[in-house]
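Q: Please work out how this folds:
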Amino acid sequence: MNAREEVLARIAAAHSAAPPPNLPYESISRGYRITSHSSKEALAELLIDRLMDYRALVRQCSADDLAATIATALADRGAQTVVVPDGLESTWTAGVAASVRMDGLSVEDQLTVSELDGVDGVITGCAVAIAETGTLILDGSSSQGRRVLTLIPDYHLCVVLPDQIVSDVPEALARLAATRPLTMISGPSATSDIELNRVEGVHGPRTLEVIIVGEEGSS
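A: Predicted coordinates:
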């Protein structure tokens, strides 16, 4: 048997082992795991590990300390102006020294691309965070705003609440509505050329900072 015949034989064997081509779509097995037995603490630790692998900045705090943690993060960044979606919890920015601009969903309440390019960063909430992949998912809800908010500013500060952390992708998708504008974020924006030279901030924020909020009474 020559090399060509060996390759074709392997393809034929793989094809014969695959489901028959006339298998009805509704008969395809979809026994995905959509629950996890891991504790919330374990999921948070895994998420933090993955986020740091992606070169994201991570802070942890209790719910009571969230406003102070946001204010400290922005102060450490030296941010003078930040934008927030109009549905973001107002108490989150109560202690922020920077000027806070609000972006709404109606056209008359939206900042222009030029205005967004002029702010130092954006603060948003999160719909779901996947611990296994270190991925934050935004779905355009009121605490997350328009997709463009997290694409133009160079710095994105994202707040993840305890009940928003799930184990893996199927569990995350089970919580989301597929008709919403989903944005999946795995670390700061980065790309590499053929020589593997990494460039950050090409098609999104150069810096991603995530605040993981613990259960009540934790920090």
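
Q: Quick check, pLDDT for the residue nearest to the spatial centre of the chain.
A: By C-alpha atoms, centre = their mean, the chain has its centre lying nearest to residue 136, at 1.8 Å. Residue 136 carries a pLDDT value of 97.

Q: part of a strand, is it?
A: Yes - counting by DSSP: H, G, I helix; E, B strand; the rest coil, one finds residue 136 located in a strand.

Q: That one touches residue 126, doesn't it?
A: Yes - contact status for residue 136 versus residue 126: in contact at 5.3 Å, counting by C-beta atoms under 8 Å. The way it works is simple: take the backbone N, C-alpha and C, and place the C-beta from them, glycine included.

Q: now the helices for the protein?
A: Ranges of helices within the chain are 3-17, 40-53, 66-77, 113-118, 169-175, based on DSSP state H.

Q: Quick one: those helices as a markdown table, columns for mean pLDDT too.
A: Putting those into a markdown table (pLDDT from 0 to 100) gives the following:
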| stretch | mean pLDDT |
| --- | --- |
| helix 3-17 | 88 |
| helix 40-53 | 95 |
| helix 66-77 | 97 |
| helix 113-118 | 95 |
| helix 169-175 | 92 |
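
Q: Switch the ones you listed over to TSV; also include mean neighbour count.
A: As requested, the helices of the chain are exported to TSV (neighbours: other C-beta atoms under 10 Å):
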stretch	mean neighbour count
helix 3-17	9
helix 40-53	17
helix 66-77	18
helix 113-118	13
helix 169-175	17
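
Q: and the closest residue to residue 84 other than its chain neighbours, how many neighbours?
A: Spatial nearest neighbour of residue 84, excluding adjacent residues (C-beta to C-beta, 6 or more residues apart in numbering): residue 123 at 4.9 Å. A count of nearby residues for residue 123, using other C-beta atoms under 10 Å, gives 29.

Q: Residue 156 now?
A: Residue 156 sits with 25 neighbouring residues when counted by other C-beta under 10 Å.

Q: I figured it hits residue 206, correct?
A: No - using C-beta under 8 Å, residue 156 is not in contact with residue 206, being 9.3 Å away.

Q: residues shared between the contacts of those two?
A: Listed as contacting both residue 156 and residue 206 by C-beta atoms under 8 Å, 6 or more residues apart in numbering are residue 188.

Q: Quick check, residue 35 in contact with residue 172.
A: No - using C-beta under 8 Å, residue 35 makes no contact with residue 172, being 11.9 Å away.

Q: in this structure, which ranges drop under the pLDDT threshold?
A: The model of the chain has pLDDT under 70 over residues 19-21, 216-219.

Q: Apply 90 and report the result again.
A: Within the chain, the segments meeting pLDDT under 90 span 1-2, 11-40, 104-109, 178, 187-204, 215-219.

Q: residue furthest from the geometric center of it?
A: The chain, C-alpha atoms, centre = their mean, max distance from centroid: residue 1 (50.5 Å).

Q: Which residues are in contact with that one?
A: By C-beta under 8 Å, 6+ apart, residue 1 lies in contact with residue 9.

Q: Distance of it relative to residue 17?
A: 20 Å (C-beta to C-beta, to the nearest Å).

Q: wait, what's in contact with the nearest residue to the residue nearest to the centre of the chain once chain neighbours are set aside?
A: Once flanking residues are discounted, residue 136 sits nearest to residue 185: 4.4 Å by C-beta to C-beta, 6+ apart. By C-beta under 8 Å, 6+ apart, residue 185 lies in contact with 135-138, 150, 156, 158, 204, 208.

Q: That's all I had, so thanks and see you.
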